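Chemist: Sequence and computational prediction follow.
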Amino acid sequence: MEIRPLTDGYAVSPQITPEDTDAIRDAGFTTVICNRPDGEVTPDLQADAIRRAVEAAGLQFVLNPVVGGAITMENVDAQGAALSDASGPVLAYCASGNRSSIVWALSQAGQRPTDELIAAGAQYGYAVEQFRPTIEQLARKG
């Protein structure tokens, strides 16, 4: 597991395992968001298996599967709601962390400067820049 902080309160990671949950809790996270659809992983890494481990570690679990290349406004709204509802730092995961960084940036449009949202993911090589027009559009709707 490689935790990549985008802000003090939000980090992303490639796929986690049930064995990672104690380390996630010990790192100070209170909520885990799964942005990976079950169809991409084996049963032992699907949302229900991760949910059981996360909740057993005393953390909140949120399922918000994001299909690569098909992020929806429902995904964006769900990510933003999970962040608003969290009682502390949030760790979101997908295959690489890219989708978790993009859906986060979109959910934070208008709350943080666009350049900051893009730079947060770009430091890890995540492809957020291509979403600049959408982030700016969402910020204007704010």
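Modeler: Ah, there it is. Residues are numbered from 1 along each chain as shown.

Chemist: just the helices in this structure please.
Modeler: For the chain, helices defined by DSSP state H occupy the ranges 21-26, 47-56, 73-85, 98-107, 114-122, 132-141.

Chemist: Minimum distance to Asn64: which of those has it?
Modeler: helix 73-85 (4.4 Å; C-beta to C-beta). No exception for glycine: its C-beta is placed from N, CA and C like everyone else's.

Chemist: now the closest one and helix 98-107, what's the angle there?
Modeler: 80 degrees (axes from the mean of the first three to the mean of the last three C-alpha atoms, to 10 degrees).

Chemist: Just the mean pLDDT for helix 73-85, thanks.
Modeler: Mean per-residue pLDDT for helix 73-85: 96.

Chemist: just stretch 27-41 next, same as before
Modeler: Throughout stretch 27-41, pLDDT has a mean value of 96.

Chemist: Show residues contacting it.
Modeler: Here stretch 27-41 makes contact (C-beta atoms under 8 Å, 6 or more residues apart in numbering) with 3, 11, 15-16, 21, 24, 46-47, 50-51, 54, 59-67, 75, 79, 82, 85-95, 99-100, 103.

Chemist: Narrow these to just the buried residues.
Modeler: Buried positions within the contacts of stretch 27-41, assessed by neighbour count (16 or more other C-beta atoms under 10 Å), are 3, 11, 15-16, 21, 24, 46-47, 50-51, 54, 59-66, 75, 79, 82, 86, 89-94, 99-100, 103.

Chemist: Tell me the confidence at Arg4?
Modeler: pLDDT, read off for Arg4, is 97.

Chemist: mind listing what it touches?
Modeler: By C-beta under 8 Å, 6+ apart, Arg4 lies in contact with Ala11, Val12, Ser13, Gly97, Tyr124.

Chemist: quick one: low-confidence ranges for the protein?
Modeler: Confidence mapping of the chain against pLDDT under 70 gives the ranges 142.
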